[in-house]
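Student: Okay, structure incoming, though there's no sequence with it:
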DNA sequence: TATTTTTATTCTACACCGTAGAAAAACAAT
DNA sequence: ATTGTTTTTCTACGGTGTAGAATAAAAATA
């Protein structure tokens, strides 16, 4: 293993990680959909510099999305499965709320392996493990919950009167949802 | 009442209705998000002509949305409430699928009176009238269903492999949903 | 040391978008 | 013939993603 092998060519201020980090910073403080030019000026760099590290905007957004999805809540055994699932949902919705455009990128990354959508599935499985549901029923339950939250997250972003709509508004529909899972088949 | 009172000024090829109609045509055949320039060239007119009839793009999209939402299914008594509700959902999702951007406009029009979101609420009420649910439970059920469908519709548009995702994919989650309403409180 | 090669960054430019504001065109009323 | 009203077009600005060429700064090589 070579130690401290120096890099050739012009020295770089940028890295993929720095770009993704800068993008997350920008999104949190601006709460707007990211543009390459805005990100570039935040990084104090020419817009085209970003394209040396990412093929296109979609590729950058995917990297950002994967990074953000790391921060989602991991259910454990510290409380009831209802509480754990509720915490998971709140965590997921907060991430979606605070990062405009995240949802669309997430969905466009499709159902392939190891995508960020798969991360939620794993956490969901953890949360409802105590129920030991039949597989097909579990899949239907996951689809219903995930798409419900996506619809809700989209409403959060589209709402003009932001004060009227908060994450806490999921409570009653979510309670209704939880009541399905409690019913034995 | 004056008969055939002639209009002053330059004669107009355009009307609000013609613009909305042309927009719907364009969306159906292109299946893309509408742009003012694309619509203008479809109507064989200068882009700015459209702004004589609509304040801005958002106003145009709202008119289009209202027009499209007229076409949604009206539940009756011809079959079980489950079937009527299912037909309503399929109808709604098909409209959302065939008109990209409709969903976002619909949500941005907010919860005010007589908005297109209100149209769905009325149809929902018709469909589940036989159940005579308590008001707060009905609201939670509506929220859960609407946001689920919105999430699903968004997934339809974002999916890269369009063949993998069709409206029929709602059936199992929807069946799960229907099972909630059947449970007595 | 001088030259070449590799890499990172910037610059310029294009096609698209929404749309503001001025100009022009076509008619009715005067 | 002139004025007024309405509709349509023209020109232009600032925004977007990004392709392609030019430039700069280092290491590698001669």
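Tutor: Cool, the structure landed. Everything quoted here is computed from the prediction, not taken from an experiment.

Student: Quick one, grab the pLDDT at residue A:182.
Tutor: Per-residue pLDDT puts residue A:182 at 85.

Student: my bad, should have said residue A:11
Tutor: We have a pLDDT of 87 for residue A:11.

Student: How about the secondary structure of it?
Tutor: Three-state assignment for residue A:11 (DSSP: H, G, I helix; E, B strand; the rest coil): coil.

Student: separation between it and chain B?
Tutor: Distance, residue A:11 to chain B, using C-beta to the nearest C-beta, to the nearest Å: 37 Å. For every residue, glycine as well, the C-beta is placed using N, CA and C.

Student: how's chain A carved up into domains?
Tutor: The record's domain parsing of chain A by automatic domain parsing lists A:16-54, A:73-182.

Student: Just checking the longest one against DNA strand D, any contact.
Tutor: No: Domain A:73-182 stays out of contact with DNA strand D when judged by C-beta under 7 Å from any atom of the strand, the minimum separation being 9.7 Å.

Student: Please measure how far the first residue of that domain sits from its last one.
Tutor: 22 Å (C-alpha to C-alpha, to the nearest Å).

Student: Same question for the shortest one.
Tutor: The first and final residues of domain A:16-54 sit 8 Å from each other (C-alpha to C-alpha).

Student: Next, the buried residues of it.
Tutor: Neighbour counts over domain A:16-54 (16 or more other C-beta atoms under 10 Å in any protein chain shown) mark A:19-20, A:22-24, A:26-27, A:34, A:36, A:38-40, A:42-43, A:45, A:50, A:53-54 as buried.

Student: picking up where we left off before, looking at the domains of chain A, which one is packed in the most?
Tutor: domain A:73-182 (a mean of 17; mean count of other C-beta atoms under 10 Å in any protein chain shown).

Student: Is chain B within reach of it?
Tutor: Yes: for domain A:73-182 and chain B, the contact criterion (C-beta under 8 Å from any C-beta of the partner chain) is met by A:103-104, A:107-108, A:110-111, A:136-137, A:139-141, A:143-144, A:146-155, A:158-161, A:164, A:169, A:172-173, A:175-177, A:179-180.

Student: Which strands and helices lie in contact with the longest helix seen in chain A?
Tutor: Scanning chain A for the longest helix, with DSSP state H as the assignment, gives helix A:135-158. Counting contacts by 3 or more C-beta pairs under 8 Å, 6 or more residues apart in numbering or on different chains; DSSP states H and E, helix A:135-158 is packed against helix A:81-98, helix A:102-108, helix A:116-128, helix A:171-182, helix B:102-108, helix B:135-158, helix B:171-182.

Student: Residue of chain A nearest DNA strand C, please.
Tutor: Using C-beta to the nearest atom of the strand, the closest approach of chain A to DNA strand C is made by residue A:9 at 2.4 Å.

Student: how near is that residue to residue A:60?
Tutor: From residue A:9 across to residue A:60, the span is 22 Å (C-beta to C-beta, to the nearest Å).

Student: In terms of pLDDT, where does the most centrally placed residue in chain A sit?
Tutor: By C-alpha atoms, centre = their mean, chain A has its centre lying nearest to residue A:69, at 4.2 Å. pLDDT for residue A:69: 96.

Student: Would you check that it makes contact with residue A:116?
Tutor: Yes: applying C-beta atoms under 8 Å, one finds residue A:69 in contact with residue A:116, separated by 4.0 Å.

Student: Tell me the residues that contact both of these two, please.
Tutor: residue A:106 (C-beta atoms under 8 Å, 6 or more residues apart in numbering or on different chains).

Student: quick check: angle from the longest helix of chain A to helix A:81-98?
Tutor: Orientation check (axes from the mean of the first three to the mean of the last three C-alpha atoms, to 10 degrees): helix A:135-158 against helix A:81-98 gives 40 degrees.

Student: wait, does stretch A:40-52 contact DNA strand C?
Tutor: Yes: if you take C-beta under 7 Å from any atom of the strand as the test, stretch A:40-52 does meet DNA strand C, through A:45-46, A:48-49, A:51-52.
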